[in-house]
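Chemist: got a structure for you, letters missing:
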């Protein structure tokens, strides 16, 4: 919640883990330079409007189907679909 508020000025309520992805950056010889484990959460928007910054160059509200028209991180569409499912589950 703090990171989202800090980076975007949005206030959110996390609901559930929506999946995970690993990203591995390798050098020219194939050795691992960086390894990221990404844990995206389904969250409800509570307040605020996105603020653009060095880390956020574009912001817009989209439906999951709209992702098909955009270049995205591999697997993002599945994570977003899972997030929407989590948001619709009863408490």
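Modeler: Looks like it came in fine. Since this is a predicted model, take the numbers as computed values, not measurements.
Chemist: ok, the spatially most central residue of the chain to residue 30 distance?
Modeler: Centroid-nearest residue in the chain: residue 40, 5.3 Å away (criterion: CA atoms, centre = their mean). In this view, residue 40 and residue 30 are 27 Å apart by CB to CB, to the nearest Å. Quick note: C-beta positions are derived from backbone N, CA and C, even for glycine.
Chemist: and for residue 55?
Modeler: Taking CB to CB, one finds residue 55 at 29 Å from residue 30.
Chemist: quick one: the strands in the protein?
Modeler: Listed in chain order, the strands of the chain (DSSP state E) span 11-17, 21-26, 32-38, 41-47.
Chemist: out of those strands, flag the one nearest residue 75.
Modeler: strand 21-26 (5.4 Å; CB to CB).
Chemist: can you list contacts of the closest one?
Modeler: 32-38, 40, 73-75, 79 (CB atoms under 8 Å, 6 or more residues apart in numbering).
Chemist: again, but for stretch 53-64
Modeler: Contacting residues not belonging to stretch 53-64 are listed as 7-8, 50, 52, 70, 77, 80-81, 84 [CB under 8 Å, 6+ apart].
Chemist: ends of that stretch, what's the gap?
Modeler: 24 Å (CA to CA, to the nearest Å).
Chemist: ok, back up a step: in TSV: the contacts of stretch 53-64, plus neighbour count and distance to residue 62.
Modeler: TSV is the format used below for these (neighbours: other CB atoms under 10 Å; distance: CB to CB, whole Å):
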residue	neighbour count	distance to residue 62
7	14	18
8	18	15
50	15	12
52	11	16
70	10	8
77	16	11
80	21	9
81	15	13
84	13	11
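Chemist: determine the longest helix present in this structure.
Modeler: Longest helix in the chain, counting residues (DSSP state H): helix 76-88.
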